[in-house]
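# What follows is a predicted protein model with its sequence.
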Amino acid sequence: MPQSPLAAPSGQLKYVVLGLGTQNYTCATGHESTVPRATGAVATLYDIGSRLNGNVIAAISKIPFLSGRALLLSQYPKALKAYLRLEGYDHVIGHHFFDGSHGTSMPVFAFDQLPWSPYPTAQVGKVDETNPPASAYAGLQQEGAVSWLYLTDTGLSVGGIDTVYRLETAGGKSPVSCKDRRGSFEVKYAAQYWVFGPSDDSVASV
């Protein structure tokens, strides 16, 4: 796992996925003094762990650049599709979104494309965050990369996963003010999610 000031994981690595999607924000007014409010995120989760685990030496060189490259190519769907297929990262195994049905909007990582019942789902909350490295890809509009996060179970996770790290982020950061903006808007981003759970005899995609 990429090094960071975040607390070290205590469980077993279960999945490493590339998330491609949007960070979502809203502005109550278009005034310069108003700060955008985060409203969640949505992303498609691609299995990258299976391929990276097959060649650890190559993985070390690819991990720092993978998110930025995928985000850059997301402007060109055919090129992105070709890149993901070439690298062996084109297998979609889940989705990331926010769920507000329990009173508080919580990040959810649902591995709903896996043939298991129940499929692994992490409903988590933020424990800690740290700034991305200066080398992180700033995004399609040079908006900046969102923070790296350490997220743990809120008591609603199932399927043997309970901890998520958001690492190697690219893009997604909100503008500093709502000047000339009003209402909801999206900022494209990419990130790697390293997903952990209790130790057992089976490790899915590492």
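Thanks, I have it. The shown structure was predicted, so the numbers you read here are calculated from the model rather than taken from an experiment.
# Any buried residues in the biggest helix by length in the chain, and which?
Ranked by residue count, the top helix of the chain under DSSP state H comes out as helix 56-73. For helix 56-73, the neighbour count (16 or more other Cβ atoms under 10 Å) marks 59, 62-64, 66-73 as buried. The C-beta positions use only the backbone N, C-alpha and C, and glycine is treated the same way.
# Redo those residues as a markdown table? Include distance to Glu129 and pLDDT.
What follows is the buried residues of helix 56-73, written out as a markdown table (distance: Cβ to Cβ, whole Å; pLDDT from 0 to 100):
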| residue | distance to Glu129 | pLDDT |
| --- | --- | --- |
| Ala59 | 24 | 87 |
| Lys62 | 24 | 93 |
| Ile63 | 20 | 96 |
| Pro64 | 19 | 96 |
| Leu66 | 21 | 97 |
| Ser67 | 17 | 98 |
| Gly68 | 19 | 98 |
| Arg69 | 24 | 98 |
| Ala70 | 22 | 98 |
| Leu71 | 20 | 99 |
| Leu72 | 24 | 98 |
| Leu73 | 27 | 98 |
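# Now do the same contact list for the closest residue to Gly100 other than its chain neighbours.
Nearest non-adjacent residue to Gly100, counting by Cβ to Cβ, 6 or more residues apart in numbering: Met106, 7.6 Å away. Under the criterion of Cβ atoms under 8 Å, 6 or more residues apart in numbering, the contact list for Met106 reads 98-100, 123-125, 154, 156.
# could you say which helix or strand contains Leu86?
helix 77-87 (DSSP states H and E).
# tell me what the next helix or strand after that helix is packed against?
The helix or strand immediately downstream of helix 77-87 is strand 92-99, counting by DSSP H and E. Strand 92-99 sits against strand 12-27, strand 37-47, strand 106-110, with contacts defined as 3 or more Cβ pairs under 8 Å, 6 or more residues apart in numbering; DSSP states H and E.
# Okay, buried residues for strand 92-99 please.
92-98.
# ok, now stretch 108-117?
Result for stretch 108-117 [16+ other Cβ under 10 Å]: buried residues 108-111, 114.
# pLDDT and distance to Ile48 for the residues you listed - can I get that in a markdown table?
Below are the buried residues of stretch 108-117 laid out as a markdown table (pLDDT from 0 to 100; distance: Cβ to Cβ, whole Å):
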| residue | pLDDT | distance to Ile48 |
| --- | --- | --- |
| Val108 | 98 | 20 |
| Phe109 | 99 | 14 |
| Ala110 | 98 | 17 |
| Phe111 | 99 | 14 |
| Leu114 | 97 | 15 |
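# any chance of the residues you listed in CSV, plus distance to His31?
Below are those laid out as CSV (distance: Cβ to Cβ, whole Å):
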residue, distance to His31
Val108, 33
Phe109, 35
Ala110, 37
Phe111, 41
Leu114, 45
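# with those in mind, which one is nearest to Ser199?
Each of the buried residues of stretch 108-117 was scored against Ser199 by Cβ to Cβ, and Phe111 proved nearest at 18.3 Å.
# and that closest one, how far is that from Val176?
35 Å (Cβ to Cβ, to the nearest Å).
# Does anything pack onto the longest helix of the chain? Which helices or strands?
By 3+ Cβ pairs under 8 Å, 6+ apart, helix 56-73 packs against strand 12-27, helix 49-53, helix 77-87, strand 163-171, strand 183-197.
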